[in-house]
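Novice: output the structure for:
(chains A and B)
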Amino acid sequence: MNEPRAFDDIKIGEEFVSPGRTVTETDIVVFAGLSGDYNILHTDAEHMKTSQFGERIAHGLLGLAIQQGLAGRVAAELAELPFAALAWKFRAPIKIGDTIHVVSRVTEKRDGERPGWGIVTLERRVLNQRGEVVQEGETEHLIERRRG
Amino acid sequence: MGAPLETPGLTLTQAHVSLFDGLVGATARDADRVPDLLPLCVSSGLGWRVPQPPLAVLAFMGFEWRFHLPLRVGDTIRSRSRTAAKRSMKEGGVIFEERDILNQRGEVVQSGRLTLLVAKRAAA
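Specialist: Below you'll find the model as predicted:
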């Protein structure tokens, strides 16, 4: 299967395109139950009919979590690295039935604070079925300099 | 701007981890390690469990976040937040919220700053 890669093996500019995933009503209901975030944006279909969105939308953090799972399906060795930092923008709503995928690209590698560890930066864009960016950001991950 | 607001605690169990992994698609980790993105997700719900009514959030615009310490199954987290700045806009107000996630020993395990679009006044 996927061998974990070390810092020295990762190349700047490497890009990974994930498969798609259709976000369902069930995903939103399960996420509301798990997170405890019952904001009407995600849970009140009647109220949301009158909103600017016209219907319930997925929690932003659900989209973030789903793209993490999707990223793991094309670049497990990167997606499994511990997070060090994250900067994220929610650009557009994800609605029930939308199909999203994530494009991740390695943009930077640098030394970490801990000896023997580096930091790798990924730029990620989450796109819907129309190719619109719904979320995007940068994630920084801890990675071993060399696997011995 | 406003005193920090601290939520009740939530013990992260194997059930939380399994539900989260099942929902998002698991990635391999040590069995008892909590997925890095899970505490942030539950901290939003924890914010609903304080006496003060929740913000009338219209949209979550973005956030910056740092991960300081890993969490294990059985750890109990709580969230502490304060409004760092606010700015009035045409359609609503933008609130910058600073949030820390603490473990049972009071250590900050994750922290950051969230940008939220909030209704100017409560819906009728």
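Novice: measure the closest residue to chain B within chain A to A:Ala58 for me?
Specialist: Here chain A gets closest to chain B at one residue, A:Gly36, 2.2 Å apart by CB to the nearest CB. Just so you know, the C-beta spots here come from the backbone N, C-alpha and C atoms, and that holds for glycine as well. According to CB to CB, to the nearest Å, A:Gly36 and A:Ala58 sit 16 Å apart.
Novice: who's more crowded, the two?
Specialist: Between A:Gly36 and A:Ala58, counted using other CB atoms under 10 Å in any protein chain shown, A:Ala58 has the larger neighbour count: 23 against 18.
Novice: circling back to that earlier point, and the closest residue to the residue of chain A closest to chain B other than its chain neighbours, what does it touch?
Specialist: Closest residue in space to A:Gly36, ignoring its immediate chain neighbours: B:Gly45 at 2.2 Å, by CB to CB, 6 or more residues apart in numbering or on different chains. Neighbour list for B:Gly45: A:35-38 [criterion: CB atoms under 8 Å, 6 or more residues apart in numbering or on different chains].
Novice: and what of A:Glu25?
Specialist: Neighbouring residues of A:Glu25 by CB under 8 Å, 6+ apart: A:56, A:96.
Novice: next, it: phi, psi?
Specialist: Per-residue torsions, A:Glu25: phi -60, psi -40 (degrees, to the nearest 10).
Novice: where's it relative to B:Arg66, distance?
Specialist: Remark: distance between A:Glu25 and B:Arg66 (CB to CB) = 33 Å.
Novice: wouldn't A:Asn128 be in contact with A:Pro93 here?
Specialist: No - using CB atoms under 8 Å, A:Asn128 is not in contact with A:Pro93; the gap is 9.5 Å.
Novice: list the residues that contact both of the two?
Specialist: What both A:Asn128 and A:Pro93 touch, as defined by CB under 8 Å, 6+ apart, is the set A:Val134.
Novice: these two touch, right, B:Arg66 and A:Ala84?
Specialist: Yes - between B:Arg66 and A:Ala84 there is a contact at 7.3 Å, judged by CB under 8 Å.
Novice: ok, the two, which is more surrounded?
Specialist: A:Ala84 (21 against 16).
Novice: quick one: secondary structure of the more buried one?
Specialist: Three-state assignment for A:Ala84 (DSSP: H, G, I helix; E, B strand; the rest coil): strand.
Novice: residues contacting it?
Specialist: By CB under 8 Å, 6+ apart, the contact set of A:Ala84 is A:112, A:119, A:140-142, B:66-67.
Novice: of the residues you listed, which is the nearest to A:Ile10?
Specialist: When those are compared for distance to A:Ile10 (CB to CB), A:His141 wins out at 10.0 Å.
Novice: phi, psi of the closest one?
Specialist: The phi/psi pair for A:His141 (degrees, to the nearest 10) reads phi -130, psi 150.
Novice: excluding chain neighbours, what is closest to it?
Specialist: A:Leu81 (3.7 Å).
Novice: quick one on the thing from earlier: of the contacts of A:Ala84, which belong to strands?
Specialist: The members of those that map onto strands under DSSP state E are A:119, A:140-142, B:66-67.
Novice: which one (most neighbours) among the residues you listed?
Specialist: Sorting the ones in strands among the contacts of A:Ala84 by how many neighbours each has (other CB under 10 Å) puts B:Phe67 first, at 24 neighbours.
Novice: quick check, that residue in contact with B:Gly112.
Specialist: No - with contact defined as CB under 8 Å, B:Phe67 does not count as touching B:Gly112 (9.3 Å).
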